[in-house]
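A.B. asks: okay, sequence plus prediction incoming.
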Amino acid sequence: MTARVVKVKRHEKLGWLERLYVPMIVKGLWVTSRYFFKNLGGYLRGNPQTFVVQWPEEQVDYPDAFRGMPVLVQLDNGQPRCVACGLCEFACPTDCISIVPGELEGAGIERYPEAFDIDMSRCMFCGLCEEACPEEAIVMSRNVEVAAFDRATMVFDKDALMVPEPLLKRRLEFLRGEYDREHAPVAKARD
Ligand code: SF4
Ligand code: SF4
């Protein structure tokens, strides 16, 4: 199922109708009632697809702007694109990223994350780490199915966070559009 994107017009100044307050309440109630009766009609016709997603059998195809859990971009050589600069760690408002940088001698990239952990029990999927990253190395995925029985298992390490670059293509192209970039930052070899 494809999610529908609705662009909301946000007026900076209220018109006289909005300032009267009551017409806007009636308008809001009308929207709520419209969906209520649409869903009720679907239920009475025996067509629950009009109002419910049969998850997990049926998955929603979220829009490209959707922010699920942050993941690390994995290059073709199996390594993360990350250069352990620490900007995402610094930008994270919940302090849930923890990076241990390592040094590589004689490689195209001198730094790499020896360890890269995100505590998903604290992550609020805000996307600030993605915005801060100069390498397109951490991006927001479509995965929101993050659950565990205890907090310790909510700490995702580097291996658990890595997702092959081709699987993140839609999000990466969306980001390049957002930041007006034609290409990804050049990832140097690290073999
Ligand atoms: S999405 Fe936000 S809270 Fe989660 S790791 Fe990134 S910056 Fe931190
Ligand atoms: S994910 Fe990006 S911002 Fe974070 S340490 Fe790696 S290269 Fe730097």
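C.D. replies: It's in. Ligands and ions are numbered 1, 2, ... in the order given.

A.B. asks: please list the residues of this protein that sit near ligand 2.
C.D. replies: For the chain, the residues in contact with ligand 2 (CB under 6 Å from any ligand atom) are 82-88, 99, 132-133, 135, 137-138. Yep, even glycine has a C-beta here, placed from its N, CA and C like the rest.

A.B. asks: most neighbours among those residues, please name it.
C.D. replies: Cys82 (28 neighbours; other CB atoms under 10 Å).

A.B. asks: contacts only, for that residue.
C.D. replies: 72-73, 112-113, 116, 133, 135, 137-138 (CB atoms under 8 Å, 6 or more residues apart in numbering).

A.B. asks: any idea which helix or strand comes after the lengthiest strand in the chain?
C.D. replies: Longest strand of the chain, by residue count under DSSP state E: strand 111-119. Sequence order places helix 128-132 as the next helix or strand after strand 111-119, per DSSP states H and E.

A.B. asks: what is the mean pLDDT for that next one?
C.D. replies: The pLDDT scores in helix 128-132 average 96.

A.B. asks: centre of the chain to the longest helix anywhere in the chain, how far?
C.D. replies: Longest helix in the chain, counting residues (DSSP state H): helix 22-44. Relative to its chain's centre, helix 22-44 lies at 30 Å (CA atoms, centre = their mean, to the nearest Å).

A.B. asks: as a whole number, average confidence for the next helix or strand after that helix?
C.D. replies: Once the chain leaves helix 22-44, the next helix or strand it forms, by DSSP H and E, is strand 70-74. Mean pLDDT, strand 70-74: 97.

A.B. asks: same question, stretch 19-38
C.D. replies: Here the average pLDDT along stretch 19-38 is 93.

A.B. asks: alright, I will stop here.
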